[in-house]
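**Student:** Any chance you could fold what I've pasted below:
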Amino acid sequence: NLFNPSGPPRIYTFTIQPGPGGYPFTIRWNKDRLSTGTFLLQDQGTQGALVSVSMKTQNSFVAGNPSITTMQIVVKPPVYYPFAQSWNLVAFPLTATGSTKRARLFPSASSNLYGFNGSYFIADSMQNRLGYWVKLPTSENIGFEGLPRAFDTMTVSDGWNLIGSISSPVARGAIVQVPPNIVTSNYFGYSSSYSVADSIRPAKGYWVKTRGGGKLVLSSSGAVDKQAAEIPGTGLLSQLNVIRVDDRQGHRQTLYFGKASIPPETGSWFELPPVPPGQLFDARFSSGSMVQILPDTARSFGIRIQAEPYPVTVSWSIRQNDVRAITIVGGTPDERFSPAHSEREGSVEIGEPVAGMIGVRLGMSALLPAVFALRQNYPNPFNPATSIEFDLPADATVSLKVYDLIGREVAVLSDNEKLSAGTHTVRMNASR
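**Tutor:** Model (predicted):
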């Protein structure tokens with residue numbers, strides 16, 4: 001059944017002979033009647049070395065070689081790849097023998113096909129060597145029509161690049177960099193959140209950051225460079241404290257923070273790729289990284305969160321002994337005082353943060369504050385909310401008020417409240 005191929009490849013053979021007019025003559029077919037799969041018109045004698053035509057990309061062939069008297073139609077079923085519900089990073093890993101348009105490959109998609117070239121753009125179809133975002137309403141196995149692509153060269157530019165894949169997995173250590181050492185980040189895939197990839201897998205797209213322009217060569221037979229295969233700084237992660245952000249759809253991003261000594265170049269390997277399109281889940285430190293190394297004097301940092309819907313759960317695991325408490329600030333616009341948590345592991349649920357940012361304050365293992373102190377608000381500048389931290393060396397009754405430049409009272413954040421000794425954080429929302 002030529003119109004409904006399934007199972008292993010099938011071959012249909014026929015002979016050709018010109019009429020009184022001789023050569024050349026034309027063989028025609030209706031490409032629109034061909035079903036899913038790859039249809040190749042080939043000469044039988046060399047098994048396609050002389051003639052090999054994808055019958056879905058054209059509807060005729062001019063026979064002009066008298067030595068070719070027997071032709072064959074080789075029918076190959078599609079190559080199926082699994083894709084997850086919601087957003088996927090995808091690529092076309094084959095040499096196409098049919099359409100690569102979004103409407104053909106992902107007919108049920110609930111989003112456009114987004115490529116990246118310094119910023120996101122809407123793509124009509126997929127091209128080899130490039131990666132794309134697409135959103136699917138359900139998990140699906142989708143058939144791609146094409147022939148194996150065992151080798152490819154990805155052109156990359158300075159900064160972040162969204163690259164494609166070939167038809168076989170390629171270990172990160174087997175990717176050849178031209179010129180050498182242009183890669184300055186991990187390779188990142190996406191599965192519920194960004195994660196470090198140990199290999200480039202078929203039909204998946206991947207992020208990588210490079211220094212200057214160049215090329216990345218992927219080959220199914222490439223030798224693995226053991227040094228390039230090592231992910232810099234992976235031993236560091238087990239020494240750091242952990243924050244996890246989970247949404248209600250099962251997405252999770254794991255972040256790491258704490259004190260550590262690392263070479264400056266190692267930090268760049270944990271910078272996360274550009275924020276995904278739409279409201280796709282994402283969580284990262286305000287620096288854009290998945291790792292936050294804290295100097296000795298640092299006691300606070302910010303986390304940017306993008307999620308749909310809220311609320312999300314923020315949990316922590318404290319591994320370093322000098323952290324005695326953690327405070328999550330900015331869960332809702334109405335929140336004023338945020339409690340400090342002394343548990344080594346715990347979690348809180350937060351609503352949609354103002355401007356997509358929450359703050360994390362750390363209580364360190366030092367003694368109680370020596371003096372009364374009012375600290376700089378964070379973030380600063382802000383719109384419309386910020387957090388203010390203050391120190392109490394002893395239990396005290398606290399009033400905290402905000403005045404404008406001409407001395408008028410504009411907000412009362414605390415009015416004769418009895419608070420215990422320690423460091424406290426109060427939330428101010430200027431829109432209220």
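**Student:** And residue 199, how far from residue 187?
**Tutor:** According to C-beta to C-beta, to the nearest Å, residue 199 and residue 187 sit 8 Å apart. The C-beta positions use only the backbone N, C-alpha and C, and glycine is treated the same way.
**Student:** Overlap of the contact sets of these two?
**Tutor:** residue 172 (C-beta atoms under 8 Å, 6 or more residues apart in numbering).
**Student:** Neighbour count: these two, which is higher?
**Tutor:** residue 187 (21 against 18; other C-beta atoms under 10 Å).
**Student:** what's the spatially closest residue to the more buried one that is not a sequence neighbour sitting at in phi/psi?
**Tutor:** Nearest non-adjacent residue to residue 187, counting by C-beta to C-beta, 6 or more residues apart in numbering: residue 197, 4.4 Å away. Main-chain torsions, residue 197, degrees, to the nearest 10: phi -100, psi 140.
**Student:** pretty sure residue 197 is in contact with residue 185, am I right?
**Tutor:** No: the criterion here is C-beta atoms under 8 Å, and residue 197 misses it with residue 185 at 11.0 Å.
**Student:** Without its sequence neighbours, what residue ends up closest to residue 354?
**Tutor:** Nearest one to residue 354, counting by C-beta to C-beta, 6+ apart, is residue 385 at 4.0 Å.
**Student:** What is the burial count for that neighbour?
**Tutor:** Neighbours of residue 385 under the rule other C-beta under 10 Å: 24.
**Student:** repeat for residue 322
**Tutor:** Neighbours of residue 322 using other C-beta under 10 Å come to 14.
**Student:** Make sure it is actually in contact with residue 241.
**Tutor:** No: between residue 322 and residue 241 there is no contact under C-beta under 8 Å: 10.0 Å.
**Student:** Lowest mean pLDDT among the helices and strands, pick that one out for this protein.
**Tutor:** Every helix and strand in the chain was compared by mean pLDDT, DSSP states H and E; the lowest is helix 226-229, with a mean of 50.
**Student:** Show me what secondary structure element comes after that one.
**Tutor:** As assigned by DSSP states H and E, the chain's next helix or strand after helix 226-229 is helix 234-237.
**Student:** Which strands and helices lie in contact with that next one?
**Tutor:** Judged by 3 or more C-beta pairs under 8 Å, 6 or more residues apart in numbering; DSSP states H and E, helix 234-237 is in contact with no other helix or strand.
**Student:** Run through the residues that contact the residue nearest to residue 354.
**Tutor:** Contacts of residue 385 by C-beta under 8 Å, 6+ apart are 330, 333, 354-355, 427-431.
**Student:** from the chain's centre, how far out does the host helix or strand of residue 388 sit?
**Tutor:** Using DSSP H and E, residue 388 maps to strand 385-392. Strand 385-392 sits 34 Å away from the centroid of its parent chain (C-alpha atoms, centre = their mean, to the nearest Å).
**Student:** Can you dump the C-alpha atoms of it in CSV for me?
**Tutor:** What follows is strand 385-392, C-alpha atoms only, in CSV (Å, rounded to 0.1, in the frame of the first residue of the first chain):
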residue,chain,number,x,y,z
ALA,A,385,7.4,47.5,46.7
THR,A,386,10.6,47.2,48.7
SER,A,387,11.9,45.6,51.9
ILE,A,388,13.6,47.4,54.9
GLU,A,389,15.8,45.5,57.3
PHE,A,390,16.8,46.7,60.8
ASP,A,391,18.8,45.4,63.8
LEU,A,392,17.8,45.3,67.4
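**Student:** what's the first-to-last distance across stretch 106-122?
**Tutor:** Stretch 106-122 has an end-to-end distance of 14 Å (C-alpha to C-alpha, to the nearest Å).
**Student:** Buried residues, it. List them.
**Tutor:** Buried residues in stretch 106-122, defined by neighbour count with 16 or more other C-beta atoms under 10 Å: 106, 109, 111-116, 120.
**Student:** Identify the residues contacting the residue lying closest to residue 147 once chain neighbours are set aside.
**Tutor:** Computed as C-beta to C-beta, 6+ apart, the closest residue to residue 147 that is not its neighbour in sequence is residue 95, at 4.6 Å. Applying C-beta under 8 Å, 6+ apart to residue 95 gives the contacts 128, 146-149.
**Student:** Okay, now the unreliable bits of this structure?
**Tutor:** 1-7, 222-234, 264, 331-338, 365-368 (pLDDT under 70).
**Student:** Looking at it, which strand is longest?
**Tutor:** When the chain is scanned for its longest strand (criterion: DSSP state E), the result is strand 409-419.
**Student:** The very next helix or strand once past that strand: how far from the chain's middle?
**Tutor:** Per DSSP H and E, strand 409-419 leads on to strand 422-429 as the next helix or strand towards the C-terminus. Mean C-alpha position of strand 422-429 versus that of the full chain (C-alpha atoms, centre = their mean) differs by 34 Å.
**Student:** Can I get strand 422-429 in PDB? Just the C-alpha atoms.
**Tutor:** Output in PDB follows, covering the C-alpha atoms of strand 422-429 (Å, rounded to 0.1, in the frame of the first residue of the first chain):
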ATOM      1  CA  GLY A 422      17.800  40.300  66.200                       C
ATOM      2  CA  THR A 423      17.500  41.300  62.600                       C
ATOM      3  CA  HIS A 424      14.000  42.000  61.200                       C
ATOM      4  CA  THR A 425      12.600  42.700  57.800                       C
ATOM      5  CA  VAL A 426       9.500  44.800  57.000                       C
ATOM      6  CA  ARG A 427       7.700  45.200  53.700                       C
ATOM      7  CA  MET A 428       6.600  48.500  52.100                       C
ATOM      8  CA  ASN A 429       4.200  48.700  49.200                       C
END
